[in-house]
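Student: Can you look at this prediction? I've put the sequence above it.
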Amino acid sequence: LLLIASLIPSILIIFELINGVVLYKQAQDGIAHLQAIPPLFHDSNNSGSGPGKYFDQNKLLLAQAELENAHADFVSLSNSLDTSNVIGLASGIAPTQIKTARALGHIAVDGTRVAQQFIKIALDIAPNVSSALKQSPEQPENIPLKPFINATSFQEINTTLSSIAPLVHRMTIDAQSLSLNALPISTKQRELITSILPLLPILNTSLAQKQQWINMVGWFLGVGSPRAFLVEPMDSSELRATGGFTGQFTDLTLNGAHMGPLKFSNIGKYEESLPDSTPDPVVYTKVIGQSAPDPYSNWWPVANFGLRDANLSADFPTSAKIAMDRYTYEFGNHVDGVIIFTPTLIQQVLHVTGPITVPAYGEIITEQNLQARLHYYQLDNKGIRREEIIEKVEDPQVARKLFTQRVTTALLGSVTHL
């Protein structure tokens, strides 16, 4: 009896060591299933390099299976961490480590449950997205874009966001119990977790306020009915009330989140009459002799008024309405709103993407040299002449904005690739 009694502690230790190995294996298996998902969308057999690869139904089904396995592993692991008597006793010896391990277990369970719901949405909208992505970007403008998201799928997204809100809220609370330095994890794993955790309170707040923005997002994306917006980059070196002068403009079309191509045009070739260029005969006749609308007409100093002059008020909605008015009158296109931005926004995007290359000009554009290079090609005669030669255009008013258009195209390409 004494011999058996003396062996019991050793037997318990061996049992718990085995139990610990099982728990560790469950954690590693769950992580392995998650790590198996990204390569599914990047293997050598996957055709295409654009966003369409993320809506391949076969890949999504494989990802769904990996998520289900990861979720099952994390559920088993979390239950063991929460209910094991020995781990309960260990919490008195290492309270911080056990508390952190349990919190991570809860976050892993809820996180994979959230991911499962998003995979389900991706599977539902995959046929629409795949069909829309096959549409040629060079198609005639009178053929509407096929939508990525219709009213039914948007409602499903809305419902899913409501269902994951409590999960995200719980993850946010659990994250407050984490002390990653207490766990024997690698520096890379710690950096990964710490890069994700700050997003939880942001997502939690956004989901709590969902009813305030969900319908607005649906309207903007053109769910149920296409939307068109007038987009105007502002040159902030020529200061105007909304941040700068309108040098270029384009239409942005959205139909069920499917964005049409952006093709910027120089406003000068439509509204300006200069010795070395002839303005557009249709638009210019609608600009010449026009005066600014009230209450600006009593001081307007120029014998014409057009889209380039519309941003008269520092109250953005006021200027936007004038711009929409002028654009519809001059170009015959209806728009639902106006988006304007200055080079500051492009610099912030470049901060994320890194430098972009404009091969035809041998230029590398960075957030530091952006404005200087744009002004060189827009305002310096040497830069404008170089544009005429490279672009084979003998009209300086047309040529002076073509480098900017190439920068825009390269930037959009870089963002899309990322």
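Tutor: Thanks, I have the structure now. Numbering: from 1, shown residues only.

Student: so after the longest helix belonging to the chain, what's the next helix or strand?
Tutor: What stands out as the longest helix in the chain, according to DSSP state H, is helix 95-133. Sequence-wise, the next helix or strand downstream of helix 95-133 (DSSP states H and E) is helix 151-175.

Student: Give me the buried positions along that following helix.
Tutor: 153-154, 156-158, 160-161, 164-165, 167-169, 171-172, 174-175 (16 or more other Cβ atoms under 10 Å). The way it works is simple: take the backbone N, C-alpha and C, and place the C-beta from them, glycine included.

Student: now swap in stretch 290-310 and tell me
Tutor: In stretch 290-310, counting by 16+ other Cβ under 10 Å, buried: Gln290, Ala292, Asn304, Phe305, Gly306, Leu307, Arg308, Asp309, Ala310.

Student: what helices or strands is the longest helix of the chain leaning on?
Tutor: helix 2-35, helix 57-83, helix 85-93, helix 151-175 (3 or more Cβ pairs under 8 Å, 6 or more residues apart in numbering; DSSP states H and E).

Student: Give the rounded mean pLDDT of the second one.
Tutor: Confidence over helix 57-83, taken as the mean pLDDT, stands at 92.

Student: Report the distance from it to the chain centre.
Tutor: Remark: helix 57-83 is offset 27 Å from the chain centroid, using Cα atoms, centre = their mean, to the nearest Å.

Student: Next, the angle helix 95-133 makes with it.
Tutor: 160 degrees (axes from the mean of the first three to the mean of the last three Cα atoms, to 10 degrees).

Student: So that it lines up with my notes, have the first residue be 21 from now on.
Tutor: Got it, the first residue is 21 from now on, which makes the last one we talked about helix 77-103.

Student: Show me what helix 77-103 packs onto, helices and strands only.
Tutor: Using 3+ Cβ pairs under 8 Å, 6+ apart: helix 77-103 touches helix 22-55, helix 57-60, helix 115-153.

Student: List the contacts of the second one.
Tutor: Contacts of helix 57-60 from elsewhere in the structure, counted by Cβ atoms under 8 Å, 6 or more residues apart in numbering, are Lys79, Leu82, Ala83, Glu86, Leu87.

Student: My guess is the last one contacts Lys140. True?
Tutor: Pointing back at Leu87 there. No - in this structure, Leu87 is not within contact of Lys140 by Cβ atoms under 8 Å, at 10.0 Å.

Student: Compare neighbour counts for the two and give me the winner.
Tutor: Leu87 (22 against 14; other Cβ atoms under 10 Å).

Student: Spit out the contact partners of that one.
Tutor: His53, Leu54, Ile57, Thr132, Ala135, Gln136, Ile139.

Student: And Phe351, by the same measure?
Tutor: Counting by Cβ under 8 Å, 6+ apart, Phe351 has contacts Val303.

Student: neighbours around Ser44, how many?
Tutor: Check again: residue 44 is Tyr, not Ser. 11.

Student: wait, is Val358 part of a helix?
Tutor: No - applying DSSP: H, G, I helix; E, B strand; the rest coil, one finds Val358 to be strand, outside a helix.

Student: what's it in contact with, if anything?
Tutor: Phe249, Leu250, Val251, Glu252, Ser339, Ala340, Ala343, Met344.

Student: Equivalent analysis for Thr362, please.
Tutor: Here Thr362 is in contact with Pro253, Met254, Asp255, Ser256, Gly263, Gly264 (Cβ under 8 Å, 6+ apart).

Student: out of the residues you listed, who's nearest Ile118?
Tutor: Ile118 lies nearest to Gly263 out of these, by Cβ to Cβ, at 54.3 Å.

Student: coming back round to it: buried residues in the longest helix of the chain?
Tutor: 118, 120-137, 139, 141-142, 144-146, 148-149, 152-153.

Student: What about the closest residue to Asp271 other than its chain neighbours, how many residues nearby?
Tutor: Distances taken as Cβ to Cβ, 6 or more residues apart in numbering put Ala248 closest to Asp271, at 5.7 Å, once the chain neighbours are dropped. The tally of other residues near Ala248 (other Cβ under 10 Å) stands at 16.

Student: Gly244 against Ile169, yeah?
Tutor: No - here Gly244 does not reach Ile169: they are 9.5 Å apart, not a contact under Cβ under 8 Å.

Student: Overlap in contacts, those two.
Tutor: Joint contacts of Gly244 and Ile169 (Cβ under 8 Å, 6+ apart) are Gly276.

Student: The two: which has the busier surroundings?
Tutor: Ile169 (25 against 15).

Student: need the contact list for that one.
Tutor: Ile169 touches Ile145, Asn148, Ile177, Leu241, Val243, Gly276, Ala277, counting by Cβ under 8 Å, 6+ apart.

Student: I'd like these written out as JSON lines, with pLDDT and distance to Gly352 added.
Tutor: Below are these laid out as JSON lines (pLDDT from 0 to 100; distance: Cβ to Cβ, whole Å):
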{"residue": "Ile145", "pLDDT": "91", "distance to Gly352": "34"}
{"residue": "Asn148", "pLDDT": "90", "distance to Gly352": "31"}
{"residue": "Ile177", "pLDDT": "94", "distance to Gly352": "35"}
{"residue": "Leu241", "pLDDT": "96", "distance to Gly352": "25"}
{"residue": "Val243", "pLDDT": "96", "distance to Gly352": "26"}
{"residue": "Gly276", "pLDDT": "95", "distance to Gly352": "25"}
{"residue": "Ala277", "pLDDT": "93", "distance to Gly352": "26"}
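
Student: Just give me the closest of those to His91.
Tutor: Ile177 (20.9 Å).

Student: what's Glu387 sitting at in phi/psi?
Tutor: Note on Glu387: backbone dihedrals following degrees, to the nearest 10 are phi -70, psi -20.

Student: I figured it hits Leu370, correct?
Tutor: Yes - if you go by Cβ under 8 Å, Glu387 and Leu370 touch, sitting 4.1 Å apart.

Student: The two: which is more packed in?
Tutor: Leu370 (21 against 18).

Student: I'd say the more buried one and Thr386 touch.
Tutor: Yes - using Cβ under 8 Å, Leu370 makes contact with Thr386 at a distance of 6.4 Å.

Student: Lowest average confidence across the helices and strands packed on helix 77-103, which one?
Tutor: Mean pLDDT across the helices and strands packed on helix 77-103 is lowest at helix 22-55; the value there is a mean of 64.

Student: one step back: just put the contacts of Ile169 in CSV and tack on distance to Thr364.
Tutor: Formatted as CSV, the contacts of Ile169 follow (distance: Cβ to Cβ, whole Å):
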residue, distance to Thr364
Ile145, 34
Asn148, 36
Ile177, 32
Leu241, 25
Val243, 30
Gly276, 31
Ala277, 26
